[in-house]
Structures are given as structure tokens and as C-alpha cells.
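1. 3D, please:
(3 chains)
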Amino acid sequence: MSAEVFSVFYQFADVFAFLILSAAGLAIVFGMMGVINMAHGEFIMCGAYVTVGLVNLGVPLAIAQILAAVTAGLIGVLVEFLVVRRFYKRPLDSLLATWGLSLIVTQSMLLIVGSAVRGIGTPEGSFAIGGYTFSTYRLVLFGCAVAVLAGLYIIFMKTRFGVIARATMQNAAMAKALGARTGRIYAISFGIGTGLAGLCGALYAPTMTLIPTMGATFVVESFVTVVIGGANVLLGTAPAAVFLAMIRMALNASYGQIIGQIGMLVAVILIIRVLPEGLSSVLVRRGR
Amino acid sequence: MALVEVKGVSKRFGGLTAVSGVDLTVNAGEVHCLIGPNGAGKSTLFKLIVGLYPPTEGSILFDSVDITKERPYARVQRGMSIKMQAPSVFKELPVRQNIQTALQERLSGAERIAEENRLLTLLNLAPDSDKLAGALSHGQQQWLEIGMALALKPHLLLLDEPTAGMSPEETYKTGELIKSFNAEGMTVLVVEHDMAFVRQVAQRVTVLHLGKIFARGDLESILQDEKVAEIYLGKTHAH
Amino acid sequence: MFKLLEGPQTLGRGRMFWSCFLVGLGAALTYPLFADSYDVGNFAYFLIWIFMALGLCLMWGYGGMLSFGQTLFFGIAGYGYGVLAINMGGGSATIAALVLSVVLAMIAAGILGYFMIWGGINGIFFGIVTLSATLVLAFFLGQTAGPEWHIGPARLNGFNGMKGMDPLTVGDFYIEGSALYYVMVALIVIVYLALRMLVNSGIGNVIVATRENPQRAEMLGYDVRKYQLLTFVIGSGLAGLSGALYTSWGQFITPSSIGLPAAAMPIVWVAFSGRSDLTATLVGSFLLLFGFQTITVYSQQAALVLMGALLLATVMLAPQGFVLGIGKLVADWSRGRRRGDGDVIAEAGRLQSEES
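-> Okay, the predicted model is just below:
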């Protein structure tokens, strides 16, 4: 493989991983319950802070990251139980309630922790191909994104929970009538969603400055990926991420990050005009 | 004179063909009933005529103009209006405001208020005119929706099961109302299951079965058609 | 035409309501005679935001379009005013800068709204697409610290914000302090009354009908997309008016008045107040702004935590809004005394059905 081709792949993989990792959790919650979790960024922030806290206590990075994801997942289950559960019939109100939570959490963190937390630095390690140097950790992130997709495929397609969850997604009332405990399914799905948000924060914690408002860095990418991808994580979010990553990569390379982001937003706005039901409507020709 | 011409219209939803190669002509000035068993494609055909669905193939003409590609509001502006199968009113708005929203493009000022009052009285809704539409009974909501459809003073009135949820007296009254509007020149296309009602109002009848035209003709010939009785009237004949 | 000031779409009506309105207006007009100029300036600052709240109330409460993009248009007009005022050289040209910057925000709203509304975006996605656009603008402006980012002599200046524009000026007279306060009061009265007339007019009927049942509205012959776009452009334009006035008031604007958490503020004001009524929004937003400013002096974070808590409490306890709920109770109480309890029960039923 020539170095140029690998370099293009590397840049694509970098953006793709960012989109998948930041959007997967949001997409699951939206796909299952039709709810957009506005506190998604705060769960990402939670994952990052727990990771850094544990690493500073001497826990190895990989274990700290897993523990951080689990913590965010458990907090998510609690939040579902206390707040989100009441709003499944009022999706707009769930948006407002979680936005309220998001404000409370970020601003309390600013009050308690303050803005400066010592980071842990990106794990060293790089490799060179034909004169270009690449960070190994960026490739690890890409591997994690692919692993998340594979994991979701296994959970939702191959397990008993997945069958019931998909049934609930299709028709909650019917699933309930057939004996599925939809309340528990929703709680677990919400937990998986926030756990993935936590994982995202945990994975990116070594690469960025930790501030309580860091969630905002991720939300635009996660929002637009879900807007384009629609309700189906595997058939919507993943292709949407591929598509957006290509646009983003091309623009980033020539014009820099911010133009890349603006270009991505413009692409999304153009697409919703042409394909109102999102990218997945083209991929999954639903019979309706 | 044909007011509506449906030419070779089909509608497929994924693998399901709801309407298949339907030709239907509704003449100006008639009351035309569309009957057929559940799932025959009647409501789908209505939605194709008003433009809520684009047809998979075929074309639809209104007043000799091809409207196949027009959006619903443009078709309404040409002079058709519909009462849908499930009551579709503005539930959080007062009854009078529902009617007013339908009337305001056509009339204003004292004329509009007079027409509002006339329609509300005609539909037995005058005592409830300040109530929210959502607080009305199912039957009253049907009345209200018919009133909104009438308020547009359409050339073509499409009624999808107008008497569902109504008592026999109310059904009869609805029939008389439709006949009186027809007498003033309004063309009416009705989907209805209640055969007594069909007998009361229909001048011509089209039978739809499995998405296709099964039979058509005047009321008597349809009622005497044994094949029609087999697929549809068999059960309802007795009562 | 003035009978449109009252109608089914606005709650306050009757002699009692308009007497209260006049008393409130009178108090607002005489306030500068009793207060010192610093307080008057602060008061004018609260009033700046009212336009944005009324605009959101129109879009969300009446039109059923929950836009999270109020600060996007606030920012476009706010920066627009700065760029125009600096480039056109101050003086009376600032009035033109104000008008043009609001027009600019409305054009931007027209373009974004066209793509969303014609693309069939509604409900949740309307919120997150508008918020995404808002955050992208905030990030972009945050990146413009370098000297290469300028429009004419106007430097965008990244997170440090744009400064150096003149305040609103007529001839040689800067509209500041009490004068600015009176301009604000006048504008609020005009906007408030104009919106009342809009929502009680035929157009208002179609706007609320579209919120209730867009398909039925279309089946009455209305191209609902045009009405939605009109609502969105007016509502966003009002956010633009707030933005331009804000820049003029402080001669300063930064990206932080666009991004998070600023974008959440109009949502909190309108949700807390009661989105379905203009008067409730006017009163409630003012109270919240006043409270927020009082706490911000001690700790901005604490004030924002409180705002988040209020939003959460509103959707959990009073989804129709607290101010509106209290207003309805007062109205029921005064009407109940005159007409007996039947109406109260009817009204309670109405409140209940509105909550579902």
C-alpha cells in the first residue's frame, strides 16, 4: 500500500471513528425510544472525567476507560428511571428535560471542579510509512469504532435481548402484550446509549483538554449523524458516518477543521431537503 | 361531463399493491358511491385523488386538467374537499374557529360570521361552538369535519365513511344533507359501508375489490349483481 | 383592525386585562423618573431579550416549531450590526445597520427554514438541526481570532469578541441610558401588540391550525409550508432584533452569546412562562431575566444551574408553563366569582386536555 493511500485512509478513519463513537449512543436511544438525549455530551464528559480520575489514581488506561463507560451506563439507567421514563409519550418534553439536566450538570461541574483538570496525554506510539508519521492511538480509536458497530450488531441481531428490543422498537404495545418488559428494555437501552457516550469520552479523554463543557465538542457531530442516519444504528448511523466522514475529510484536508464542520452541516441541510427520511430510507426500502 | 377522471392508477406500498390499474370517472353533478369490502383500496384511492399519496403509475384529471403532480392544497384550491376516514379536526381549537379557518379565504366580515352560524346550526353544533373540537363526541367531530369540507363550497366533495359512529337518525340526516347539497350542484363521491345510506343517496355505484374495479353501474344493477353480492353484499344483504 | 388585539389565541382580554396593561405600561414609562441611570440601563438590558422570547413563543407555542436556533439569528444580527455599523461609519447610519442586520437574520432564517420545512423536518429534528447550525456558527466565530478574519475594518476577534461599533445614534445623539430604555419599551409595546394582532388574524388561524393538524390545514387549501416559513422568519427575525440591540447596547458581542449555554436560555424563559401565550411569555421572561441577573452577580454558574433546574421542573410539573398556569388560575377565579363554578370546571377540563 502506498503511503499516500494509507494517509487518506488514516484521515478517513480518524473522522469516521469520531462520528461513530460520538453518535452511536445517541442513535441507540433515538432508535429505541424516539428520544434525543440532550445530555449526551454530559455523559461523554462524565466518561472522560472518570477515565482521567482513575488514571491519576494509578489505574491502567484501558481498564479506566472500561470502568468509565460502565459508570456512564449506570448513571444513564438511573437518569432513565428518574426522568426520561416519564416522557416517552412526549418526545419534545424529553428533549427539554434532558437539556435541563445538561445545564445543571455542566454548570455544577464548573462550580465544583472548576475549569482546569490535569490531562493525561495521548498514549505514545507512532509509526511511519513512507515518510509520513501516524499516531497509533488514532488507529486504536478506529478499531474501537468498528468494534462498537460489531458489538451492537451482535447485541441487537444475535441475542435474546436484541430480538425483544427490536420487537419493542417496531411496536412497543404489541411487544408488551406478548410479555416483553418494555420498561426494563428501555432502561437497558438507555444505559447502553449513555455507556457508549461514556466510552466515547473515555477514548478521547487522553487526546483533549478536560473542561466541563467539552461535551459541546461532540454534540454537533452526533446530532448531524443521527439526523442523516435516522433511527437505525447499523443501517443508518454507520453509512451516514461513512458519507459525512468523506465530506469532512476532503474539506479538512484542504480548508481546515472549521470549514470541514461548516461543510458537513451544509451537506446535512441539503440532504434533508432531498431525502426527508434520511439516508436509511434509501438503504432500507421500508414498505410503507 | 366528467369532473374527475382516474386513469390507470396504481399504488404500491413496498410489496403490497393497494390500488391496481383503476379507471374511475365521476360525472359533474352526481352522487357517486364507492363500496367494497375492507382492504379493497377505497381510502387509498381517496388519498390518491386528493394528493396525499403520489400514484405509482397512472394519472388523475380534475375538470380536464392533469393534477397528478399537484400538491394537496393546490387540488383543494381547484375545488375539491375531503372528510377523511378518521375524524381530522383541530382538536385544541374551538369548534367555531375550526369552521372559521375553513371559511376565511372565501368570506370575510359579517358574511363570514353569518355563514359560520348557518353551518353550525345546520350541523347541530351551535350550542357547542365555544367548546374545543377535541371535547366533542366522535359523531360530532364527524359533523364538524363535514362542515369544514362544506365551508370550502367545493365542486367535488369527498366523504370517507361520513356516517361511522352516527346513530340511524343522524345517518339519515347526513344523507338528506348530502342530497340537498347535490341538488345545489355539488358533486359528491362517498365511501360507505352502510347500505341503507348508499340506497338513500347513491346515483351511481362503483365496487372496488382487492384494489381493482370489480363492477360499476347504477344502484339497482349493482344491487342485483350476484358476483357483487358474493364478494361483499353477501353478509350485509340479510340485515 | 384593532379588534384583532383580542381573540381566541391570546388569553388576556376584557377591560380588566387592558387596565392592567396600561398600569404596567405607565409604570414602565415613569420608572426612569425614580430610578438612577445605572438601574435604568440594567432594565433596558433585560428588555433586549424579550423580543427573542416573543419570537420563540410565536414559533413554538403558536406554530408548533421548536427552534433551538434563537441565538443563531441573535448572533447573525448582532455581528451583522457590528460589521455594518463599523463599515458604514456610525452616526445615523447605525439605524440602517440595525434594520439591515435584522433583515440579514431574516434572510438567513428564510434559507435555513426553506431547507428544513420543504424537507419535511419537524418535531425533534427541527430542534437539533437548528441547534447544530447555532453551535457551528459559535465554533466558527470562536476560530476567528486572527487578523485575517475581518470584514472591512471590522475585526471578528474570535472569543474576545467584536467591539468598536457605535451605539444606535440619531444625528449626534447617542441612544443610551434612558433614551435607549424608552426606545426598548416602545419597541416591545409595538412588537407585542403586532404579534397579538397577527395570531388573532386569519394568518394566525392557519398558523395554529397547522400546529394542530398540518394535514387538515393543507386539506383546507393552505400551503402550510409557506405559513411555517413565515412564522419561522418572523420568530427568528425577532431574535435578530434582540441581537442587534444587544450589540448596540454594549458595543460588544462574543461567540458565547450564541453557543451553549446561551442557546438554552430562550427555551427556559418560554417554557417556564407558558409557550402558548404571548402575555405569559412577556411577563415570565422578564421575571426570569431579572432573577437571573440578580443571581449572576454572585455566580453565573449558579444562575445557570437554576435555569436548568427550572426547565426540568417545568416539563415535569407544569408542561404548559408556570406563569400561564398561574394566569389561568387568576382568570378562573375572577370569572368564577361572576359566573359560577361551571366555567371553572370547563376551563379545568380544557387545561387537562391541553396537557395531553
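
2. Surely B:Gly217 forms part of a strand?
-> Yes. B:Gly217: assigned to a strand according to DSSP: H, G, I helix; E, B strand; the rest coil.

3. what about it, neighbour count?
-> Residues near B:Gly217, counting by other C-beta atoms under 10 Å in any protein chain shown, number 15. Glycine gets a C-beta too; all of them are placed from N, C-alpha and C.

4. Determine the number of other residues adjacent to the spatially closest residue to it that is not a sequence neighbour.
-> Closest residue to B:Gly217 apart from its sequence neighbours, by C-beta to C-beta, 6 or more residues apart in numbering or on different chains: B:Val205 at 6.7 Å. By the measure other C-beta under 10 Å, the count of residues near B:Val205 is 24.

5. How about the secondary structure of B:Val205?
-> Of the three states, B:Val205 takes strand according to three-state DSSP.

6. Bridge partners for it, pull those for me.
-> Beta bridges link B:Val205 to B:Cys33, B:Gly217 when assigned by DSSP bridges.

7. so, in contact with chain A or not, stretch C:97-115?
-> Yes. Counting by C-beta under 8 Å from any C-beta of the partner chain, chain A is contacted by stretch C:97-115 at C:112, C:115.

8. I'd like the distance from that stretch to the chain centre, please.
-> 15 Å (C-alpha atoms, centre = their mean, to the nearest Å).

9. near chain B, anything from it?
-> No. Stretch C:97-115 lies out of reach of chain B by C-beta under 8 Å from any C-beta, never closer than 15.7 Å.

10. same deal with stretch C:213-228?
-> Yes. Residues of stretch C:213-228 are located near chain B by C-beta under 8 Å from any C-beta, namely C:213, C:215-224.

11. gap between the helix or strand where A:Val50 lies and the chain center?
-> In this structure, A:Val50 sits in helix A:40-56 according to DSSP states H and E. Centroid separation for helix A:40-56 versus its chain: 14 Å, with C-alpha atoms, centre = their mean.

12. One more: stretch B:90-98?
-> So, by C-alpha atoms, centre = their mean, the centroid of stretch B:90-98 is 21 Å from its chain's centroid.

13. in that stretch, what counts as buried?
-> B:90-98 (16 or more other C-beta atoms under 10 Å in any protein chain shown).

14. restrict these to contacts with chain C.
-> Filtering the buried residues of stretch B:90-98 for neighbours of chain C using C-beta under 8 Å from any C-beta leaves B:90-94, B:97.

15. From these, pick the one nearest chain A.
-> B:Glu92 (14.9 Å; C-beta to the nearest C-beta).

16. B:Gly134 is in contact with the closest one, correct?
-> Yes. B:Glu92 is in contact with B:Gly134 according to C-beta atoms under 8 Å; the separation is 6.3 Å.

17. Determine which residue lies closest to the centroid of chain B.
-> Nearest to the mean C-alpha position of chain B, by C-alpha atoms, centre = their mean, lies B:Leu159 at 1.5 Å.

18. tell me which element that one is part of?
-> Here B:Leu159 is assigned to strand B:156-160, by DSSP H and E.

19. got the CA positions of that strand in CSV?
-> Extracted in CSV, the C-alpha atoms of strand B:156-160 (Å, rounded to 0.1, in the frame of the first residue of the first chain):
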residue,chain,number,x,y,z
LEU,B,156,-66.3,17.9,-5.5
LEU,B,157,-66.9,16.7,-2.0
LEU,B,158,-65.1,13.5,-1.0
LEU,B,159,-66.6,11.8,2.1
ASP,B,160,-64.8,8.8,3.5
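
20. what's the angle from the helix ranked longest in chain A to helix A:40-56?
-> Longest helix in chain A, counting residues (DSSP state H): helix A:3-33. Counting by axes from the mean of the first three to the mean of the last three C-alpha atoms, to 10 degrees, helix A:3-33 lies at 120 degrees to helix A:40-56.

21. Flag every buried residue along helix A:3-33.
-> Those would be A:7, A:10-33, for helix A:3-33 by 16+ other C-beta under 10 Å.

22. do stretch A:252-259 as well
-> So for stretch A:252-259, counting by 16+ other C-beta under 10 Å, buried means A:252, A:258.

23. quick revisit: filter the residues of stretch C:213-228 next to chain B down to the buried ones.
-> C:213, C:216-224.

24. Restricted to helices, list the residues you listed.
-> Counting by DSSP H, these place C:216-219, C:224 in helices.

25. where's the longest helix anywhere in chain B relative to the chain centroid, distance-wise?
-> Using DSSP H, we find that the single longest helix of chain B is helix B:168-183. In terms of C-alpha atoms, centre = their mean, the centre of helix B:168-183 is found 13 Å from the chain centre.

26. mean confidence for it?
-> In this model, helix B:168-183 carries a mean pLDDT of 90.

27. From the contact counts, what lies against that helix?
-> Applying 3 or more C-beta pairs under 8 Å, 6 or more residues apart in numbering or on different chains; DSSP states H and E, one finds that helix B:168-183 makes contact with strand B:31-35, helix B:138-151, strand B:156-160, strand B:187-191, helix B:195-201.

28. Just put those in a markdown table and tack on mean pLDDT.
-> As requested, the helices and strands packed on helix B:168-183 are exported to a markdown table (pLDDT from 0 to 100):
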| stretch | mean pLDDT |
| --- | --- |
| strand B:31-35 | 93 |
| helix B:138-151 | 91 |
| strand B:156-160 | 94 |
| strand B:187-191 | 94 |
| helix B:195-201 | 89 |
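
29. now for those, which one comes closest to A:Met157?
-> strand B:156-160 (40.7 Å; C-beta to C-beta).

30. can you tell if the closest one touches chain C?
-> No. Residues of strand B:156-160 are not located near chain C by C-beta under 8 Å from any C-beta, the shortest gap being 9.8 Å.

31. what residues does that strand touch?
-> B:3-4, B:26, B:42-43, B:46, B:49-50, B:62, B:79-85, B:146, B:149-150, B:178, B:181, B:186-192 (C-beta atoms under 8 Å, 6 or more residues apart in numbering or on different chains).

32. now do stretch B:214-230
-> Counting by C-beta under 8 Å, 6+ apart, B:33, B:35-36, B:198-199, B:202-208, B:231, B:233, B:237 sit against stretch B:214-230.

33. what does stretch A:5-12 give?
-> With C-beta under 8 Å, 6+ apart as the criterion, stretch A:5-12 contacts A:129-130, A:132, A:134, A:138-139, A:245-246, A:249, A:252-253.

34. ditto for stretch B:84-93
-> So stretch B:84-93 is in contact with B:43, B:46, B:97-98, B:101, B:132-134, B:138, B:141-142, B:144-145, B:148, B:160-161, B:164, B:191, C:8, C:208-209, C:212-213, C:215-217, C:219, C:353-354, going by C-beta under 8 Å, 6+ apart.

35. Could you list every helix and strand in contact with the strand or helix carrying C:Gln293?
-> Taking DSSP H and E as the criterion, C:Gln293 maps to helix C:278-296. Helix C:278-296 is packed against helix C:37-56, helix C:177-200, helix C:265-273, helix C:300-317, helix C:322-339, with contacts defined by 3+ C-beta pairs under 8 Å, 6+ apart.

36. Can you tell me which of these is most buried?
-> Highest mean neighbour count among these (mean count of other C-beta atoms under 10 Å in any protein chain shown): helix C:265-273, with a mean of 28.

37. Skipping adjacent residues, who's closest to A:Val70 in space?
-> Closest to A:Val70 by C-beta to C-beta, 6+ apart is A:Gly195, at 6.6 Å.

38. thinking that neighbour is in contact with A:Ala68, fair?
-> No. The pair A:Gly195 and A:Ala68 does not pass the contact test of C-beta under 8 Å, sitting 9.4 Å apart.

39. So between these two, which is more surrounded?
-> Set A:Gly195 next to A:Ala68 and count neighbours by other C-beta under 10 Å: A:Ala68 wins out with 28 against 25.

40. and the more buried one, what element?
-> Short version: A:Ala68 belongs to helix A:61-82, going by DSSP H and E.

41. what separates that helix from the chain centre, distance-wise?
-> Worked out by C-alpha atoms, centre = their mean, helix A:61-82 lies 14 Å from the chain centre.
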